[in-house]
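J.: Structure of the sequence below:
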Amino acid sequence: MVHSAFDAVELVTGVPSDIVDVASYAGKLLVAVKDGSLRIYSAPPHADGEIPRDGPYALERQQPSLWRRGTPLAIEVSASRDLLLSLAECVSLHRLPGLETVAVISKTKGANLFAWDDRRGLLAVGRWRRLTIFRLDSGREFVEVREFGVPDTVKSMAWCSDNICLGIRKEYTIINSMTGALTEVFSSGRNAPPLVVALPTGELLLGKDNIGVFVDQNGKLIQDGRIIWSDTPASVAIHRPYAVARQPRHVEIRSLRAPNALVQTVVLRDVQKLVETENCILAVLARSVYGLLPVPIGAQIVQLTASGEFEEALSLCKLLPPEDSNLRAAKESSIHIRYGHFLFDNGSYEEAMEQFSDSHVDITYVLSLYPSLVLPQTHIIGQHDGLEDLPELARESSDVTDEMESYSLQLHEYGDKSPMEIKKMSHNALTALVKYLQKKRNGIIERATAEVTEEVVSGAVHHSLVLSEPYRSKRPNKKRAQTHTSSIAREMATVLDTSLLQALILTGQPSGAIELLKGLNYCDLKICKEFLEERNDYMVLLELYKSNEMHREALQLLNQLDEESKAEMGKTGFNKKFDPQMIIQYLRPLCRSDPMLVLESSLYVLERNPSDTIELFLSENVPADLVNSYLKQHAPNLQSTYLELMLSMSVSGINPNLQNELVQLYLSEVLDWHTILKEEGNWTEKTYSPTRNKLITALENNSGYNTDTLLKRLPQDALFEERAILYGKINQHLRALSLYVHKLQMPERAVAYCDRVYEEGAQQPSKSNIYFNLLQIYLNPRKAEKEFEQKTVPVASPYTGLQKVTKVRGARMGKKVVEIEGADETRFSPSGTDSGRSDGDGDDVSDGGPIMLNEALELLSQRWDRINGAQALRLLPRDTKLQDMVLFLEPLLRNSSEHRRNYMVIKNLIFRANLQVKEDLYKRRQAVLKIDGDSMCSLCHKRIANSAFAIYPNGQTLVHFVCFRESQQIKAVRGVNSAKRR
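T.: Numbers count the residues shown, from 1 in each chain. So this is what the prediction gives:
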C-alpha cells in the first residue's frame, strides 16, 4: 500500500540560527531559536487560515531574548488557554499572543523535559531523579500536587489518563499520578533510547528498536498491535490515521491500522524533530521547517481504490466529516462494490458477498453476476437512482452506475461456455450467493409482508366504508379514490426467493429449498416450476405446488411419479422412490379443508393401498356417507372394500345405513353367483364362496341392516342359512330352527343357534326357552310347522318381536318333576311364538309323523340344565325307555336334590339370623332409670317415694302408676266424646 498521504511543503526557511522547537498557534508558527529568541511566522493573506501549499510563511515579528537564561529546550502551546509553555533553565508560562510572562516555576530548574495534559491542566516535569506534578491554578500559577522519586533521569514521558509512562534508562515504567505506584512494562531494546508516544485513543506507542508496540494505559500489550519500521526511529508523531517516524535519511509514514503497512516515504534529511499540530505535522530541520500536509481524504480514497487497497480506503471513509455523512455513505458503497467485484473475480466469493451486502446495493445487481439464474420481470428502481439531487452524491452515484454497467457489459461479452461464466457459476460462487440471499431475506420479507398487511387493512377499511354508505345521511361528497400501495418490496422478495431456490438446487441443497417453500415465500411459480421440471427435482416441485395450494397438480404429479417408479422398479429391481404412501401423507392435511379433492385423488391409492387409505379417512374424520356415495358413483368396485375395512378398523362400528349398504352389496353378488351355479346345475346349500362367507358373517355380527328388505330379496328355494340368520334377528326362532334341521340338515347348527340365543337371553329379564322349540321340531315336526304357520305374525320390521303367549298344561308326572326339580318357572316359562304348544298327551305326539328321537335325547343329555324337565318329559313319546333318559334324568335329579338341601340350609340360616336380630332389638330397647328420694312425678309433681311408678317410652318421663292410669282413662273418655260429636 503506497500512496500520497502527505505533501511536503517548505513553510519556513532562512532562519539565522538553529531551530530548537516549533509550535502552532492561530495559524501561525512559533519558532524557538537557539539564540534564545522566538520568531513568529504567519501565513500569506490568501491562505484563509489554512496552511498554504504553494508558498512559505513570512516572518511577522521576533521576540528576542524571550528566554534570558539558558537555551530553550522545548515549547508547547495550549490553544484552549492561550498559553505558551516553554522549558529553558526552568519551565515558564507565557500569555498568547502577547507573550507576556505569566509564571515561572523555579522548582523546575534543571529539568530536562515536561509533559502537558491540556484537558486537566496538569504538568509533569522530569528533573534529575524526581518527577513533579503541577496543576495550573486560575490560569496564572502552577501549584505543586505530587512529587515522586524515580530510579534515574527520565528520557521520555507522556500522559495516559491518570498514569504517566516514563522512559528511564532502557526501560518503560508506568507510574500512577495519584499514588506513585510503579509498574514495569518492558525494555526499549538494545541500542534505541526509550520512545513514548501518546495516541489520540488514550493508548501508547512504545519503541523497541525498530518496532513500535501498542499498549493500553496500564501498560498491557494490545493484541496484534505493532508497527515494524524500516529502521529505529528517533521520534514518532501521530496524525490519524498515520504514524510518522523520523529516520536518519527520510520520514517514514505507516498506517495505524493493522497490518500497519507502509504508506509513504518522504525524503527529508537531517530532520531534527517532528511536531504534531492540528492540521499537519511539522518537520524541523536545522534552519527550516517543512510541513507534512495531509492530502484530502477524498483524494486518498481515490488513490487507494485505484490501487486496490479497498480496506484502507474504507477505513479512510470513516474520517470524513460528520456533516458529509451522505457523501461518506456513497463513497463507502462505491468502494464496497468495487471491492466486491475484485474479490469475486479472484474467487473469494463469500468475502465478495459481504462487500456487496455492506454496499447496500440492490440484490438485482448482485444477481446480474449470475447470468444462468432466471429472474422474474420487475419494475425495481436501483437504490442509487435517487442520488441525483446532490452534486457530490450524483458523482458517486454515477461512479457506481458506471461500475455496474461495465461489469454488466463484461458479462454479456462472454459466450455460453466462457471460462469466466463457468467460474462465476461454480459451486463456491453459488454457495456464497445462497448465504448472501439468506442474510438479506429477513428484512426484505418483512417489508413485503408489511405491504400485504397494509393493503389488507386498507381494503377492509374501504369495504366497511362502502357498506356504511346506505346508512349515512345523503350528502353530496366526493368519491373516495382507492389508494395504490407500492409493490416494490414484494417484487424484490419475488426476485430474492426465486433466485435463492435456484441457487439451493444448483448447490445440491434440496432440503434447504423445501424448507424455504414450507415457510412464507414469494417464489415465482412459472420460473421455479420450469427450473425444477428441467432438473427433475420433483420433491421440491411438490413442495412448490403445496405452498401455492396447487394440490390437484401435486397429486397428479405424485400419481405419475408412482407409476414411473413402479415401471422402473420392474425393469431394474430397485426399490421404489415414490409410493402410494406419499400420496396418503399429502392427502392427510387436506381432509378437513377439501374432502372432495381428497376423494377424487384417493381412488388411485385406494386400489393399491386400501388399508392405509381407509385409515386416512377414519383418522381425519372424513364423512363416511360422503366417501361411500362418491365411491358408489365413481368406483363401485371399491365400495365394498371401503366398507369392509371401515367396519374392521372402526372401534365404534359404522353407521347402520352403511352396514345395510354393505350387506346389500354382498347379497347382490351372492345372488348373481347363485344364478350362475343354478343355471349350470352345480348349486347346493353347502357351496360357499368368499363373498357368501362375508355375507353370513355380516348377517351374524351386525344388526344395522333392513331385515325385511333382505328377506324379500332371498330366493324361496335357496340360501336357507342366510334366511335362518335373518329369522333369528327378528326372533322367529322356530322358523330358523326348522330351516337348520329340515332344510339344511345340520342339527349341530341348530344346537349352536340355541346356545347363542340362550346366552344372549341370559342378560334379559325374560326369554323364550329356545331348547324347547328345538325339541318340538325334533319330536313333532309336522305339528310344529303347522303351529308356526298359524301363529307366526308377518314380518313388519327388523326390530319387532312377536309377543303372543300360550299356556302350558302339565300332566301329573310333569308336576312331580317340577316339585322335585325346584326349577325357576320365571326363567324356563315359554313365551312368544317360539314356546309352541303341547297337549301333554302321548297320542298327540304319535300323530306327528317321523320324529328325531336320538337327536332329542342327545340334546336333553347335553343341555339338561337349560331345559324345563316337565315340559321335556311331556314331549317325549310314551314308549321312550327310561334307560335312554338316564343321561338326562340323573344329573337333573341330582341337581334338584342338591338345590333342595341348599335351600333348607339357607332357610335355617335365615331363621337363625332372624332370632339374632330380635335378641339385639330387645337389648337395645332396655333402659336404666335411677329413682331416689328426690324423684318427682311428671303429672302430679309429687315425690315417687315407695309408690308404684311407670316410665314413658322415651325413657325419661317418670310418673306414678296411679297417675298414668288416670291419664289413660281421661284420654279414653275424651276420645269417645269427640267421636259422638262427629
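J.: Low-confidence ranges, the stretch 401-550 of the chain, go.
T.: The stretch 401-550 of the chain contains residues with pLDDT under 70 at 401-425, 456, 458-486.
J.: which stretches of it form helices?
T.: 419-424, 427-468, 488-506, 510-518, 525-534, 538-547 (DSSP state H, counting those that start in this stretch).
J.: Also the stretch 601-750 of the chain?
T.: In the stretch 601-750 of the chain, the helices defined using DSSP H, counting those that start in this stretch lie at 610-619, 624-634, 639-649, 656-680, 690-701, 707-713, 720-729, 733-738, 747-761.
J.: Of the ones you listed, which stretch is the most buried?
T.: Highest mean neighbour count among the helices of the stretch 601-750 of the chain (mean count of other C-beta atoms under 10 Å): helix 733-738, with a mean of 25. Any C-beta I mention is one placed from the backbone N, CA and C, and that applies to glycine too.
J.: Show the secondary-structure elements that that one is packed against.
T.: With contacts taken as 3 or more C-beta pairs under 8 Å, 6 or more residues apart in numbering; DSSP states H and E, helix 733-738 sits against helix 720-729, helix 747-761, helix 770-779, helix 781-791.
J.: In TSV, list the helices of the stretch 601-750 of the chain along with distance to residue 434 and mean pLDDT.
T.: Output for the helices of the stretch 601-750 of the chain, formatted as TSV (distance: least, C-beta to C-beta, whole Å; pLDDT from 0 to 100):
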stretch	distance to residue 434	mean pLDDT
helix 610-619	37	78
helix 624-634	45	81
helix 639-649	46	77
helix 656-680	53	85
helix 690-701	58	84
helix 707-713	68	85
helix 720-729	69	84
helix 733-738	77	83
helix 747-761	71	82
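J.: closest one to residue 513 among the ones you listed?
T.: The closest of the helices of the stretch 601-750 of the chain to residue 513 is helix 610-619. By C-beta to C-beta, the value is 27.3 Å.
J.: now the angle from that closest one to helix 624-634?
T.: Inter-element angle recorded for helix 610-619 and helix 624-634: 140 degrees (by axes from the mean of the first three to the mean of the last three C-alpha atoms, to 10 degrees).
J.: Just send the helices and strands packed on helix 733-738 back as CSV, with distance to residue 501 too.
T.: Formatted as CSV, the helices and strands packed on helix 733-738 follow (distance: least, C-beta to C-beta, whole Å):
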stretch, distance to residue 501
helix 720-729, 62
helix 747-761, 66
helix 770-779, 74
helix 781-791, 79
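J.: closest to residue 125 out of those?
T.: Closest approach to residue 125 among these (C-beta to C-beta): helix 747-761, 120.2 Å.
J.: other SSEs contacting the closest one?
T.: When contacts are defined as 3+ C-beta pairs under 8 Å, 6+ apart, helix 747-761 sits against helix 720-729, helix 733-738, helix 770-779, helix 853-862.
J.: want to throw those helices into JSON lines with distance to residue 605?
T.: Putting those into JSON lines (distance: least, C-beta to C-beta, whole Å) gives the following:
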{"stretch": "helix 720-729", "distance to residue 605": "34"}
{"stretch": "helix 733-738", "distance to residue 605": "43"}
{"stretch": "helix 770-779", "distance to residue 605": "48"}
{"stretch": "helix 853-862", "distance to residue 605": "52"}
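J.: Of all those helices, which one is nearest residue 747?
T.: Residue 747 lies closest to helix 853-862 among those, at 5.2 Å (C-beta to C-beta).
J.: How far away from the center of its chain is the helix or strand that that closest one is followed by?
T.: Using DSSP states H and E, the helix or strand that follows helix 853-862 in sequence is helix 869-875. Computed by C-alpha atoms, centre = their mean, to the nearest Å, the chain-centroid distance of helix 869-875 equals 78 Å.
J.: How about stretch 121-141?
T.: Distance of stretch 121-141 from its chain centroid, counting by C-alpha atoms, centre = their mean, is 67 Å.
J.: Could you work out the end-to-end span of it for me?
T.: End-to-end distance for stretch 121-141: 11 Å, by C-alpha to C-alpha, to the nearest Å.
J.: Next, the buried residues of it.
T.: Neighbour counts over stretch 121-141 (16 or more other C-beta atoms under 10 Å) mark 121-127, 130-134, 136 as buried.
J.: what's the burial count for residue 934?
T.: When counting by other C-beta atoms under 10 Å, one arrives at 7 neighbours for residue 934.
J.: Which of the helices and strands packed on helix 733-738 sits closest to residue 234?
T.: helix 747-761 (119.1 Å).
J.: Just the C-alphas of the closest one, formatted as PDB.
T.: The C-alpha coordinates for helix 747-761 follow below in PDB (Å, rounded to 0.1, in the frame of the first residue of the first chain):
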ATOM      1  CA  PRO A 747     -78.600 -80.300  13.800                       C
ATOM      2  CA  GLU A 748     -75.300 -79.100  15.200                       C
ATOM      3  CA  ARG A 749     -76.000 -75.700  13.700                       C
ATOM      4  CA  ALA A 750     -79.400 -75.700  15.400                       C
ATOM      5  CA  VAL A 751     -77.900 -76.500  18.800                       C
ATOM      6  CA  ALA A 752     -75.300 -73.800  18.300                       C
ATOM      7  CA  TYR A 753     -78.100 -71.400  17.400                       C
ATOM      8  CA  CYS A 754     -80.000 -72.300  20.600                       C
ATOM      9  CA  ASP A 755     -76.800 -71.800  22.700                       C
ATOM     10  CA  ARG A 756     -76.300 -68.400  21.200                       C
ATOM     11  CA  VAL A 757     -79.900 -67.300  21.800                       C
ATOM     12  CA  TYR A 758     -79.800 -68.700  25.300                       C
ATOM     13  CA  GLU A 759     -76.600 -66.900  26.200                       C
ATOM     14  CA  GLU A 760     -77.900 -63.600  24.800                       C
ATOM     15  CA  GLY A 761     -81.200 -64.000  26.600                       C
END
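J.: can you start the count at 863 instead of 1 from here on
T.: Sure, I'll start counting at 863 from here, so that last one is helix 1609-1623.
J.: just the helices in the stretch 1663-1812 of the chain please.
T.: Using DSSP H, counting those that start in this stretch, the helices of the stretch 1663-1812 of the chain run over residues 1674-1683, 1687-1690, 1704-1708, 1715-1724, 1731-1737, 1748-1787.
J.: mind showing which ranges of the stretch 1113-1262 of the chain have poor pLDDT?
T.: Low-confidence segments of the stretch 1113-1262 of the chain, defined by pLDDT under 70: 1241-1262.
J.: again with the stretch 1663-1812 of the chain
T.: 1663-1711.
J.: How far does stretch 887-899 stretch from one end to the other?
T.: Its first and final residues considered, stretch 887-899 spans 17 Å by C-alpha to C-alpha.
J.: buried set for it?
T.: Per 16+ other C-beta under 10 Å, stretch 887-899 contains these buried residues: 887, 890, 891, 892, 893, 894, 895, 898, 899.
J.: Now do the last one against residue 938, distance only.
T.: Residue 899 sits 18 Å away from residue 938, taking C-beta to C-beta, to the nearest Å as the criterion.
J.: likewise the second one?
T.: Using C-beta to C-beta, one obtains 15 Å as the distance from residue 890 to residue 938.
J.: ok, now the first one?
T.: Computed as C-beta to C-beta, the residue 887 to residue 938 distance reads 10 Å.
J.: Buried deepest among the helices of the stretch 1263-1412 of the chain, which one?
T.: Each of the helices of the stretch 1263-1412 of the chain was scored by mean neighbour count; the highest is helix 1350-1368, a mean of 23, by mean count of other C-beta under 10 Å.
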